[in-house]
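Engineer: Attaching a predicted model along with its sequence, questions to come.
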Amino acid sequence: MDSIEVYVLCGDRTSNTADRFLTSFASSRTPAAIDFPFPEYADIPEILFADTITLIRRLEIDRHESYSIYWNVVDGISDQAMLFFTKDGGMIAGLGGLYLPPKDALLSLQDNVDGKFGYVTSGSCPPGSMAEFILICEHSTLPNLFNGDLCLPDSSQ
């Protein structure tokens, strides 16, 4: 069975927001990969990053570069923390394998990353653009955030 995941579109694409998210939700973490080629899917990477901190700083500068970063979390509210950098300058924070109700995780994540849009899903990555992300939020039949408001379409807790 796929795990429940929550995603929130961050208010900005900065290393400060990424650091705040990771410190709050994944203070004890290990990257899911050993190294990080840049660009992400290049046959011959321009550079190979050894750590996520330097990679995130690069993605803050290269605002139209997309990338997905995953961490395994120990002693958090979830098993996994994720950051997705979209091709149109956005950043999406995510948590997977939750230990609390999805609605509560969604609201905590919203407050932490100053987000106005977010949704709950099961086993699927967020889309590659902010517009597509907002469209999913608008049509979600699960708890979601739309324009900063919590929506409970099916009365889920």
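Structural biologist: Arrived safely, thanks for sending. If you're wondering where the values come from, they're calculated on a predicted model, not measured in any experiment.

Engineer: Name whatever forms a beta bridge with Ala93.
Structural biologist: Beta-bridge partners recorded for Ala93 (DSSP bridges): Val8, Leu83.

Engineer: What of Leu145?
Structural biologist: Gly118, Leu150.

Engineer: Sketch out the low-pLDDT regions of this structure for me.
Structural biologist: 1-2, 154-157 (pLDDT under 70).

Engineer: And the helices in it?
Structural biologist: 15-25, 52-61, 102-113, 130-139 (DSSP state H).

Engineer: Output the contacting helices and strands for the third one.
Structural biologist: Packed against helix 102-113, as judged by 3 or more CB pairs under 8 Å, 6 or more residues apart in numbering; DSSP states H and E, are the following elements: strand 4-9, helix 15-25, strand 91-98, strand 117-122, strand 144-146, strand 149-151. C-beta: built from backbone N, CA, C; applies to glycine.

Engineer: mind giving me JSON lines with the ones you listed and columns for distance to Glu40?
Structural biologist: Converted to JSON lines, these look like this (distance: least, CB to CB, whole Å):
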{"stretch": "strand 4-9", "distance to Glu40": "18"}
{"stretch": "helix 15-25", "distance to Glu40": "16"}
{"stretch": "strand 91-98", "distance to Glu40": "14"}
{"stretch": "strand 117-122", "distance to Glu40": "21"}
{"stretch": "strand 144-146", "distance to Glu40": "27"}
{"stretch": "strand 149-151", "distance to Glu40": "32"}
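
Engineer: Sweet, I'm off.
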